[in-house]
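Undergrad: I would like the atomic coordinates for the input below:
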Amino acid sequence: MPELPEVETTRRGIAPHVVGQRVRRVIVRDGRLRWPVPEDLDVRLSGQRIEAVERRAKYLLIRAESGTLIGHLGMSGSLRLVPADQPPAKHEHVDIELESGLSLRYTDPRRFGALLWTQDPHAHVLLSKLGPEPLTEAFDGGRLYELSRGRSMAVKPFIMDNAVVVGVGNIYAAEALFAAGIDPRRAAGSVSRARYDRLAEEIKKVLARSIESGGTTLRDFIGGDGAPGYFKQELFVYGRKGEFCKVCGTGLQEIRLGQRASVYCRKCQR
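TA: Next up, the predicted model:
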């Protein structure tokens, strides 16, 4: 599933080609996404100038003159720029044609994503109760410490809760906890303020590194497959079940937390 860095990579890739452009028309070939694409999206968006492409958590916000298109890539979706006359392939459900002759094309094989229209995105039910962005001053160890008091749930699913902080998906939670030396099974309420300070900093670092890596390895967003790709990372624990810890050499263990696989080092993480 695309996580925050992948969505930010997409935003950075399409924004220079989209912002300032006027929409010529919207073609919806299959609107059966997680929530139906609005039937009047063409009427609402056609003729509108796109003023900004922003991100909130894992949502893309394409701001036009009279409203905002909220986009979510689901588990397998992508947004890329192609020539408007390029024939659509299978699973390419929506085109937003621009005056430049390019189309912002939405592809989603599993159709778990979304394209929704709203006047006020931050008041929308999908966004209104989200926690702070992890790379802002609103997120720090103090917030984690205060919200965790009395919580018996494991620390890993705690930091993956979007009401606590947005965008810390499975990959980045596992990597940040390793970097902070915290056992993912530890009760959230038992982690000290000092350790939460360290964890918040590691969350910021791993996300910032991943975004920067995506930003420096972008493929061509115009033509070709146009996919932003999930940039290569030097992962310490995620997906490395049965391998040896790069720090201490201990065999890495896999457990399940919150119905998700979680790999950790029993020696480095306590």
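Undergrad: which other helices and strands contact the lowest-mean-pLDDT helix or strand in the chain?
TA: Sorted by mean pLDDT, DSSP states H and E, the helices and strands of the chain end with helix 193-216, the least confident at a mean of 89. Other helices and strands packing on helix 193-216, by 3 or more C-beta pairs under 8 Å, 6 or more residues apart in numbering; DSSP states H and E, are helix 4-18, helix 141-148, helix 170-180. The C-beta positions use only the backbone N, C-alpha and C, and glycine is treated the same way.
Undergrad: Pull out the buried positions in that helix.
TA: Neighbour-count burial for helix 193-216, with 16 or more other C-beta atoms under 10 Å as criterion, is recorded at 195-200, 202-204, 206-207, 209-211, 214.
Undergrad: SS state for E254?
TA: Here E254 is recorded as strand under DSSP: H, G, I helix; E, B strand; the rest coil.
Undergrad: Nearest residue to it in space, please, no chain neighbours.
TA: K241 (4.1 Å; C-beta to C-beta, 6 or more residues apart in numbering).
Undergrad: So for that neighbour, what pLDDT did the model give?
TA: As predicted, K241 sits at a pLDDT of 95.
Undergrad: My guess is it contacts A261. True?
TA: Yes: counting by C-beta atoms under 8 Å, A261 is a contact partner of K241 at 7.5 Å.
Undergrad: Mutual contacts of these two, please.
TA: E254 (C-beta atoms under 8 Å, 6 or more residues apart in numbering).
Undergrad: Dump stretch 8-25 to PDB, keeping only the CA atoms.
TA: Taking Å, rounded to 0.1, in the frame of the first residue of the first chain, the C-alpha atoms of stretch 8-25 are listed here in PDB:
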ATOM      1  CA  GLU A   8       4.400  12.800  -1.300                       C
ATOM      2  CA  THR A   9       6.600  11.600  -4.100                       C
ATOM      3  CA  THR A  10       3.500  11.500  -6.300                       C
ATOM      4  CA  ARG A  11       2.500  15.000  -5.300                       C
ATOM      5  CA  ARG A  12       6.000  16.400  -6.100                       C
ATOM      6  CA  GLY A  13       6.000  14.600  -9.400                       C
ATOM      7  CA  ILE A  14       2.700  15.800 -10.800                       C
ATOM      8  CA  ALA A  15       2.500  19.300  -9.200                       C
ATOM      9  CA  PRO A  16       4.800  21.100 -11.700                       C
ATOM     10  CA  HIS A  17       2.800  19.800 -14.600                       C
ATOM     11  CA  VAL A  18      -0.600  20.400 -13.100                       C
ATOM     12  CA  VAL A  19      -0.600  23.600 -11.100                       C
ATOM     13  CA  GLY A  20      -1.800  26.600 -13.200                       C
ATOM     14  CA  GLN A  21      -3.400  24.400 -15.800                       C
ATOM     15  CA  ARG A  22      -7.000  24.600 -16.700                       C
ATOM     16  CA  VAL A  23      -9.000  21.400 -16.900                       C
ATOM     17  CA  ARG A  24     -10.400  20.700 -20.400                       C
ATOM     18  CA  ARG A  25     -12.700  17.800 -19.400                       C
END
